[in-house]
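Visitor: I would like to see how this sequence folds:
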Amino acid sequence: MSRFYAKFAQNFVVPVYDVMRGTSRFKFGHVLQKTQWLSKKQLELLQKKHLRLLLQHAYDTVPYYRNLFREKALKPIDIRSLEDLKKFPVLTKEDVRKHSGDLVSRGYPSNNLIRYRSGGTGNPIKFYITKEQLSWELAAEFRAYGWANYRLGDRCFMFWGSPVDKSKYQGLIGNLTTFLERISISDTYLMSRVILRKFANSLIESRPEIIKGYTTSILMIAKYLLENNIDNVRPKSVLTTAETLFGSSRKIIEEAFDCPVFDYYGSREIGALAAECEEHSGYHVSAENVLMEFEKEGEHVADGEKGTILITSLRNFGMPFIRYRNGDVGVPSDEKCSCGRGLPLISSVEGRVADFIAVYDEQTDRVVPVGPVYPLFELAGMHVPLEHYQVIQESLYNVVINVVKGEGYSQKDTDFLVKYLQELLGNKVTVQIEFVDYIPPSPSGKRSQVISKVDSFF
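Guide: Numbers count the residues shown, from 1 in each chain. Here you go, the predicted model:
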C-alpha cells in the first residue's frame, strides 16, 4: 500500500501541485535526478554558466548590483571563476534590510515574486523569491529526501516550531497538503515532560515511516523514549534539520529509533543547500542551484578548515542574493563520495557564527572562536543533572549560563560548570549561573544552546 501510494503521490499529486501553484517541481525533479551523477568538472561548468547569466542579469536590471559593479570598476565578464568572485562584495543581512527595494530586479515580472522572510534567531529579513527558484528548491529538497529513503506519501511525523512554516500547513490548501502527503505536524515551540509524553503516544499510535524536524526537538523526544524504555517506534529514517547535529546527538537519536539519521542543511533565503546521502560522508551541495564559498577574514579557507558560509543563489533572478553571508560556519571538503555523485561535499556544518564563544588568544593577539561550545558542554552535562541550559556570551570576558535544574542538582554541580567553562575559555572569563524555570525558543522555534554576542570570525 505504501509503495503504491508513494507512486501515486509522485506521479499525480506533485503535477497537480505544480498546476495549482504555477511551479515546475515535477519537471525540475527529473532534471536533478540526472545532474547529480554528472562529474565534478561538468557540474562546475554548469555552475559557471548559471553564474554568468545571473551576474549579467544583476548588472542589467538590479540597481543595487549595478551600483556595486560601478563602484568596483567591474563588469560581469571580469568574474570568470570562483576566485574572481572574491572581487565582488559580500551581501549581509543588514544590506538586505537597508537596500531591499534596490535588490529587486527591474526586469522580472512582479506577479511572479513570492514574499518571504528569514528564520534564524535574530531579526528576520524580508525578501522575495521567484516561482522558478521555489520549484528548484523543492526539487532539490525532495531529491535529498530520496537519499534518506523518504518517498513523498510515506507516513511522516514532523516536529516543527516555526510559526512561519506552520502557517503553510493551515487553511484549505495546507490541510489538503498534509492529507495528501500524509504528514502529521507536532508543534514543538513549547516542550515539557507532559508534552513529550503526548508526542511519544502519538508516535506509537501513528507508526510513522519517516520522522523529521528540528534537531533539538527530535533529540528531546529520543531521550524521553530511551529514559522510559519505549522501543516500539521504528521509522525507516530520521531527518534532522534547522539546528546543528553533532555526533553525540546522532548516536542518541539512532539508538532511540533504531534507524539511520540523515542531516539536512537549508535556509529560508536559498532553500535546499546540502544534505547527507546514504554513505554519510558529508553533505552534498545542491550545486545546480547554489554556489557556496567558505571564507575567513576575506579569504577562502582551505579544504578541511572552518569558514563562514557565503551563498549565491543561481536560480533567483527576481531578487538575487550574490555572496550572501547567512551567518553559518562550515568546513568544505575536496573528497569524493563513494556514492558516485559528482555533487561537491561539505565535511560538516558547524553551526551559526553565534554558536562560537569568542576568546582572546595572547599568542596571536587576536580574538579567536572556540567551539561550538555546546557539544563540549553536553559532555560536561553527562555529569550534571540538567533539564536544559543556554550559554550566553555577553562580552569577551563575561559568560552567563541559564540553567533549568534537573533532579538532584546541587552546589557542587554549579561549581563543576563554572570550573569547566573557565578551563575551556580562560580564567579571565567570568562565568555566572542563572537558574530559570524554562528557556523559551527563539521566534523561529529554534532552541539556541549558545548565543555569543561577540563575533569571533572577523
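Visitor: just the strands in the stretch 201-350 of the chain please.
Guide: Under the criterion DSSP state E, counting those that start in this stretch, the stretch 201-350 of the chain contains strands at 210-214, 237-241, 261-267, 271-275, 283-285, 290-296, 299-300, 307-313, 324-333, 345-352.
Visitor: quick one: strands adjacent to the shortest one?
Guide: When sheet partners are counted by DSSP bridges, strand 299-300 sits next to strand 290-296 (antiparallel).
Visitor: can you list the domain ranges for the protein.
Guide: Following automatic domain parsing, one finds the domains of the chain at 2-352, 356-452.
Visitor: Let me have these in a markdown table, adding mean pLDDT and mean neighbour count as columns.
Guide: Heads up, the C-betas are built off the backbone N, CA and C, glycines and all. Below are the domains of the chain laid out as a markdown table (pLDDT from 0 to 100; neighbours: other C-beta atoms under 10 Å):
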| stretch | mean pLDDT | mean neighbour count |
| --- | --- | --- |
| domain 2-352 | 89 | 18 |
| domain 356-452 | 79 | 16 |
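Visitor: Contacts only, for residue 35.
Guide: 43, 46, 288 (C-beta atoms under 8 Å, 6 or more residues apart in numbering).
Visitor: Kindly recompute the last result at 10 Å.
Guide: Residue 35 sits next to 42-43, 46, 143, 286-288, 341-343 when contact means C-beta atoms under 10 Å, 6 or more residues apart in numbering.
Visitor: Now flag whichever of the residues you listed is closest to residue 238.
Guide: Of all the contacts of residue 35, residue 143 has the smallest distance to residue 238: 18.2 Å, by C-beta to C-beta.
Visitor: show me the contacts for the closest residue to the closest one other than its chain neighbours.
Guide: In space, and not counting its chain neighbours, residue 143 is closest to residue 32: 5.0 Å by C-beta to C-beta, 6 or more residues apart in numbering. Contacts for residue 32 were tallied using C-beta under 10 Å, 6+ apart; they are 136, 139-140, 142-144, 146, 272, 286, 288-289, 343.
Visitor: and which of those is nearest residue 324?
Guide: Taking these together and measuring to residue 324 by C-beta to C-beta, the closest member is residue 289, at 13.5 Å.
Visitor: Just to check, that closest one is in contact with residue 28?
Guide: Yes - at 9.3 Å, residue 289 and residue 28 qualify as touching, with contact defined as C-beta atoms under 10 Å.
Visitor: overlap in contacts of the two?
Guide: Contacts common to residue 289 and residue 28, judged by C-beta under 10 Å, 6+ apart, are 136-137, 139-140, 315.
Visitor: Need those in a markdown table (columns: secondary structure).
Guide: Output for the shared contacts of residue 289 and residue 28, formatted as a markdown table (DSSP: H, G, I helix; E, B strand; the rest coil):
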| residue | secondary structure |
| --- | --- |
| 136 | helix |
| 137 | helix |
| 139 | helix |
| 140 | helix |
| 315 | coil |
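Visitor: Closest to residue 61 out of these?
Guide: Closest approach between the shared contacts of residue 289 and residue 28 and residue 61, by C-beta to C-beta: residue 315, at 15.6 Å.
Visitor: helices or strands up against the helix or strand containing residue 16?
Guide: Element membership for residue 16 (DSSP states H and E) is helix 14-21. For helix 14-21, the elements it packs on are helix 25-35, helix 131-147, helix 171-181, judged by 3 or more C-beta pairs under 10 Å, 6 or more residues apart in numbering; DSSP states H and E.
Visitor: May I see the ones you listed arranged in a markdown table, with distance to residue 246 as well?
Guide: Rendered in a markdown table, the data for the helices and strands packed on helix 14-21 read as follows (distance: least, C-beta to C-beta, whole Å):
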| stretch | distance to residue 246 |
| --- | --- |
| helix 25-35 | 29 |
| helix 131-147 | 20 |
| helix 171-181 | 30 |
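Visitor: Could you point out which of these sits nearest residue 366?
Guide: Of all the helices and strands packed on helix 14-21, helix 131-147 comes closest under C-beta to C-beta, at 37.5 Å.
Visitor: quick one: residue 138 and residue 17 touch, right?
Guide: Yes - between residue 138 and residue 17 there is a contact under C-beta under 10 Å: 8.9 Å.
Visitor: hang on, the earlier thing: quick one, which of the strands of the stretch 201-350 of the chain is nearest to residue 158?
Guide: strand 210-214 (5.2 Å).
Visitor: helices or strands next to that closest one in the packing?
Guide: So strand 210-214, by 3+ C-beta pairs under 10 Å, 6+ apart, packs with strand 156-160, strand 183-187, helix 215-227, strand 237-241, helix 247-257, strand 261-267.
Visitor: Can you work out which other helices and strands pack against the second one?
Guide: Based on contacts counted as 3+ C-beta pairs under 10 Å, 6+ apart, the elements that strand 183-187 packs against are strand 156-160, helix 163-166, helix 171-181, helix 193-206, strand 210-214, helix 215-227.
Visitor: Apply 6 Å and report the result again.
Guide: Here strand 183-187 touches strand 156-160, going by 3 or more C-beta pairs under 6 Å, 6 or more residues apart in numbering; DSSP states H and E.
Visitor: Repeat that for the longest one.
Guide: Other helices and strands packing on helix 215-227, by 3+ C-beta pairs under 6 Å, 6+ apart, are helix 193-206, helix 247-257.
Visitor: Give me the pLDDT value at residue 458.
Guide: At residue 458 the predicted local confidence, pLDDT, stands at 57.
Visitor: State the distance from residue 235 to residue 42.
Guide: From residue 235 over to residue 42 the distance is 35 Å, taken as C-beta to C-beta, to the nearest Å.
Visitor: swap that for residue 341, sorry
Guide: The gap separating residue 341 from residue 42 is 12 Å, by C-beta to C-beta.
Visitor: again with residue 352
Guide: 33 Å.
Visitor: before we move on, what about residue 406?
Guide: Distance, residue 406 to residue 42, using C-beta to C-beta: 53 Å.
Visitor: Residue 431 now?
Guide: 52 Å.
Visitor: same thing with residue 248?
Guide: Remark: distance between residue 248 and residue 42 (C-beta to C-beta) = 38 Å.
Visitor: Repeat that for residue 186.
Guide: In terms of C-beta to C-beta, residue 186 sits 42 Å off from residue 42.
Visitor: And for residue 258?
Guide: Counting by C-beta to C-beta - residue 258 and residue 42 are separated by 39 Å.
Visitor: Now residue 144. Nearest residue, chain neighbours left out?
Guide: That would be residue 275: by C-beta to C-beta, 6+ apart, it lies 3.5 Å from residue 144.
Visitor: Who are the contact partners of the one you found?
Guide: Counting by C-beta atoms under 6 Å, 6 or more residues apart in numbering, residue 275 makes contact with 144, 264, 283.
Visitor: 7 Å - rerun?
Guide: 144, 147, 262, 264-265, 283-284 (C-beta atoms under 7 Å, 6 or more residues apart in numbering).
Visitor: go on, residue 283?
Guide: 265, 274-276, 345-346, 349.
Visitor: Residues in a beta bridge with it, which ones?
Guide: residue 346.
Visitor: any idea how far it is from residue 303?
Guide: According to C-beta to C-beta, residue 283 stands 14 Å off from residue 303.
Visitor: do residue 261 as well
Guide: Taking C-beta to C-beta, one finds residue 261 at 25 Å from residue 303.
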